[in-house]
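**Student:** Just to be clear, the model below is a prediction. Sequence and coordinates:
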Amino acid sequence: MATNTDRRLKRARLFVLACLMAPAIGFAQSSPEAPAGGTSTDLFVMFGSDVIRPGAGLRANYNIGIGHTFGFLKKNPIGDEITFAYTYENGGSHGFLHTDYGSHTEALGLMKNFALPRTKRVSAYTWIQGGITSMTGYARVESRFYDGESLGAVVHFNDHNSIWIQETFNKIVTVPWYTTACFGFTRSW
């Protein structure tokens, strides 16, 4: 059963997403066309919040990575972009401040980009990632397998700049599952 805190948190997240999306959609330009070779490279920086389950504890989540879209994978139903990302997550008790307890994740991913009907300003994607998480702050660094599945939207400003908004289900062996809500900037070339 959802508590009042969970419901308030969900409403607040929806409100923030709506505030971010409305001006972006209104002022965005059409989505970029793939270069002649059918490939592109994306550099992304995302900031977000983990929502630890069970409960609703908020923690910092910062992500930077690079992805490359391959033209010959466009028809692949699983993915057309291979990514590499580094993520820092605060695991301590201070929310968005850095603490000794944290995780550092390096992950490879496969992303599938797809168009949404009736719009060229907004597209969507799915993203499957797997990697290694190193948890710090303990007597020794503990490394664990990481799995993340994301669903997101991209608001295109022009051929090279866009904003990503995503929700991710995360699982690390020996850690309860948690979700991450992120938004970030992407530069494509």
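**Tutor:** That came through, no problem. Since the model is a prediction, treat every value here as computed from it, not as a measurement.
**Student:** In this structure residue 122 contacts residue 162, no?
**Tutor:** No. Using CB atoms under 8 Å, residue 122 is not in contact with residue 162, being 9.5 Å away. Yep, even glycine has a C-beta here, placed from its N, CA and C like the rest.
**Student:** Have a look at those two and say which one is more surrounded.
**Tutor:** residue 162 (26 against 20; other CB atoms under 10 Å).
**Student:** Kindly state the pLDDT recorded for that one?
**Tutor:** Turning to residue 162, the model gives it a pLDDT of 94.
**Student:** buried residues in the helix or strand harbouring it?
**Tutor:** Assigned by DSSP states H and E, residue 162 belongs to strand 161-172. Residues of strand 161-172 classed as buried: 162, 163, 164, 165, 166, 167, 168, 170, 172 (neighbour count, 16 or more other CB atoms under 10 Å).
**Student:** Neighbouring strands - and their directions - for that strand?
**Tutor:** Strand pairing for strand 161-172, determined by DSSP bridges: strand 142-156 (antiparallel), strand 175-188 (antiparallel).
**Student:** circling back: what sits in contact with each of residue 122 and residue 162?
**Tutor:** 154, 155, 156 (CB atoms under 8 Å, 6 or more residues apart in numbering).
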